[in-house]
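Visitor: Next comes the sequence, and after it the predicted model I'd like to discuss.
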Amino acid sequence: MTYGSLPAGGYPGSSKWLHWLVALCVIIAVPVGIALPRLDPGPTADSLYNLHKSLGALIFLLMVLRIVNRFTVGAPAPEPGLAAWKRVASSAVHGLLYVLLIVQPIVGYLANSAFGASTPFFGIFTIPPAVAQNEALSNNLFALHRLIGITLALLVLIHVGAALQHYFIEKDGVLQRMLPQAFGGK
């Protein structure tokens, strides 16, 4: 991701809000997605499937807003003193997170459409199917959806682990750049 013209320091409030909203959605969607295949059919499973699909659609929408936000308000320059390899690693992880958080909901939606299931959005409306029902396509897309989900979960763990490492070990202010001011952010 490219950096805007902001000086080193904290991210703008809009960036922080969008980041933490996506994080909350992912923190809920990933465990629900892992649990879904293990549930017996019934009202609980149906509700969790609908929640998972709704969160996926919301994540997609929030990620589009994050990209627009990133290009309109920018991002601060890298934390001063951060080693070049850490800047490269950070950019790679962030870039992959952005790409996969856009691609994952699309793949899930296409898989769901090919399966022939509805895609509700928090009970407000239903998103129409994108493709005709096709069992083979659905199976392949759901397999890809699971693989992307595992990759996303690993990237989130790396992202959170690196942030905590910066906070507790490096004590360099990297985590504070994305924290709200109420939690010690810049």
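Guide: Arrived safely. Numbering: from 1, shown residues only.
Visitor: What segments of the chain are helices?
Guide: Here the chain has its helices, by DSSP state H, at 13-35, 43-73, 84-115, 135-165.
Visitor: What average pLDDT does the longest one get?
Guide: This means helix 84-115. Mean pLDDT, taken over the full extent of helix 84-115, equals 97.
Visitor: So which elements touch that helix?
Guide: Contact partners of helix 84-115 among helices and strands, from 3 or more C-beta pairs under 8 Å, 6 or more residues apart in numbering; DSSP states H and E: helix 43-73, strand 119-121, helix 135-165. For every residue, glycine as well, the C-beta is placed using N, CA and C.
Visitor: Show me which residues of that helix are buried.
Guide: Judged by neighbour count (16 or more other C-beta atoms under 10 Å), helix 84-115 contains these buried residues: 86, 90, 97-98, 100-101, 103-105, 107-115.
Visitor: Could you count how many residues lie near Lys175?
Guide: Careful, residue 175 is Leu; it's not Lys. Using other C-beta atoms under 10 Å, the number of residues around Leu175 comes to 22.
Visitor: go on, Pro128?
Guide: Pro128 has 8 neighbours, counted by other C-beta under 10 Å.
Visitor: cool, Ile34 as well?
Guide: Residues near Ile34, counting by other C-beta under 10 Å, number 13.
Visitor: The nearest residue to it once chain neighbours are set aside: how many residues sit nearby?
Guide: In space, Ile34 comes closest to Gly149 once its chain neighbours are excluded; the distance is 7.8 Å by C-beta to C-beta, 6 or more residues apart in numbering. Look at Gly149: counted by other C-beta under 10 Å, it has 18 neighbours.
Visitor: related to what we said a few turns ago, switch the helices and strands packed on helix 84-115 over to TSV; also include mean pLDDT and distance to Gly173.
Guide: Below are the helices and strands packed on helix 84-115 laid out as TSV (pLDDT from 0 to 100; distance: least, C-beta to C-beta, whole Å):
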stretch	mean pLDDT	distance to Gly173
helix 43-73	97	20
strand 119-121	97	38
helix 135-165	97	11
